[in-house]
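Trainee: Model the structure of this input:
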Amino acid sequence: MITVCGAGAFGTALAVSLAKIAPVTLWARDAGHAAEMRATRENARRLPGIDLPERITLTSGPLAAGRQPCLLAIPMQKLGGFLEDFAAALDNRPLVACCKGVDLATGLGPTALIAQACPGSNAAILTGPSFARDIALGLPTALTLACADEGTGKALQSALTTPNLRLYRTTDTTGAELGGALKNVIAIACGAVIGAGLGESARAALMTRGFAEMNRFARALGAHPDTLAGLSGFGDLALTCTSDQSRNYRFGLSIGEGTGFDPAVTVEGAATAHAVLARATAMKIDMPITHAVTALVNGELRVDQAMDMLLSRPLKEE
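Mentor: Below is the predicted model:
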């Protein structure tokens, strides 16, 4: 039995895919939401049009303790609170974070938050270029599974690989986490550029220089450059910066177009930009795109002003 905590679009999609190989418990914090899914066999709120297989058990409320893997598809800014609430049931079992970002309150990534709250657990993260609907529809998807403990990583890779979900393993949790977090910041920038009508060439430049910025920050924190060049870094960057299925990209589009954006939609890149900029400033790491995105999110700059700021930087070698 595999447990997936979090009945958002991504958690539901993972449950649908994993149900092909094992029974799955999908946990929702909202009892009404769980009851609704049980009655309709569909998550109409988050992933409409996808049937929930009978091998998925829908539940809410207290979590049962156990030794089987538990996937935490909880938004990054809510993960710390969730871990505090359910630490007793979660500790001493493999825990796999399925979120991207940096916690604003602590500056920590998902695996560090897990280690802090559940010291008896081996923490891992599942990340990479993926849209929930693609996974739920059974379309081929490849992700990075990062776990510092190699034995646990191998066991999780075997347990969580499905016919349409291929997992590549690494022990570099720092690189995998930061790739998934930082690409959301660059996606906001790319969306803003397209929304403002600045063109595809400008987007390509931002993606390229954004990737350099991602590497600069991640390597300073001990990440391996090969990890950033893989699925959790470059792969996720390419997907998120070019598709309007990405919430971060759509948020950037709304900034560039000067239109409103649904505040109920989670945009992890906005919080990540603030958290990363604070860390980068303290460490004296040059992060011009992250700086510009933070100013855009705060309403301190218009898109044309942000581009002028980036284009007026001193000339240098690539």
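Trainee: Tell me which helix or strand Ala212 sits in.
Mentor: Secondary structure here is read from DSSP states H and E; on that basis Ala212 sits in helix 200-220.
Trainee: Please spell out which residues along the helix or strand that that helix is followed by are buried.
Mentor: The element immediately downstream of helix 200-220 (helix or strand, assigned by DSSP H and E) is helix 225-228. Applying a neighbour-count criterion of 16 or more other Cβ atoms under 10 Å, the buried positions in helix 225-228 are 227-228. Placement of C-beta: from N, CA and C, glycine included.
Trainee: So which elements touch helix 225-228?
Mentor: Packed against helix 225-228 by the contact rule (3 or more Cβ pairs under 8 Å, 6 or more residues apart in numbering; DSSP states H and E) you find helix 173-195, helix 200-220.
Trainee: C-terminal to it, what's the next element?
Mentor: Following helix 225-228 toward the C-terminus (DSSP H and E): helix 236-240.
Trainee: what's the distance between that following helix and the middle of its chain?
Mentor: How far helix 236-240 lies from its chain's middle: 11 Å, per Cα atoms, centre = their mean, to the nearest Å.
Trainee: mean confidence score for that helix?
Mentor: Mean pLDDT, helix 236-240: 98.
Trainee: helices or strands up against that helix?
Mentor: Helix 236-240 sits against helix 173-195, helix 200-220, with contacts defined as 3+ Cβ pairs under 8 Å, 6+ apart.
Trainee: can you redo the ones you listed as CSV with mean neighbour count?
Mentor: Written out in CSV, the entries for these read as follows (neighbours: other Cβ atoms under 10 Å):
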stretch, mean neighbour count
helix 173-195, 29
helix 200-220, 18
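Trainee: Show me the one of the ones you listed that comes nearest Ala155.
Mentor: helix 173-195 (15.9 Å; Cβ to Cβ).
Trainee: Might you calculate how far the closest one sits from the centre of the chain?
Mentor: Shown here is helix 173-195, whose average C-alpha point lies 10 Å from the average C-alpha point of the whole chain (Cα atoms, centre = their mean).
Trainee: Dump that helix to PDB, restricted to CA.
Mentor: As requested, the backbone C-alpha atoms of helix 173-195 are provided in PDB (Å, rounded to 0.1, in the frame of the first residue of the first chain):
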ATOM      1  CA  THR A 173      18.800  16.100  -3.000                       C
ATOM      2  CA  THR A 174      20.200  19.700  -2.900                       C
ATOM      3  CA  GLY A 175      20.500  19.900  -6.700                       C
ATOM      4  CA  ALA A 176      17.200  18.200  -7.400                       C
ATOM      5  CA  GLU A 177      15.300  20.500  -4.900                       C
ATOM      6  CA  LEU A 178      16.900  23.700  -6.200                       C
ATOM      7  CA  GLY A 179      16.400  22.800  -9.900                       C
ATOM      8  CA  GLY A 180      12.700  22.400  -9.200                       C
ATOM      9  CA  ALA A 181      12.400  25.500  -7.100                       C
ATOM     10  CA  LEU A 182      14.500  27.900  -9.200                       C
ATOM     11  CA  LYS A 183      13.000  27.100 -12.600                       C
ATOM     12  CA  ASN A 184       9.600  28.400 -11.300                       C
ATOM     13  CA  VAL A 185      11.200  31.800 -10.800                       C
ATOM     14  CA  ILE A 186      12.600  31.800 -14.300                       C
ATOM     15  CA  ALA A 187       9.100  30.600 -15.600                       C
ATOM     16  CA  ILE A 188       7.500  33.700 -14.100                       C
ATOM     17  CA  ALA A 189      10.100  35.900 -15.900                       C
ATOM     18  CA  CYS A 190       9.500  34.100 -19.200                       C
ATOM     19  CA  GLY A 191       5.700  34.400 -18.900                       C
ATOM     20  CA  ALA A 192       6.100  38.200 -18.200                       C
ATOM     21  CA  VAL A 193       8.200  38.600 -21.300                       C
ATOM     22  CA  ILE A 194       5.700  36.800 -23.500                       C
ATOM     23  CA  GLY A 195       2.800  38.600 -21.900                       C
END
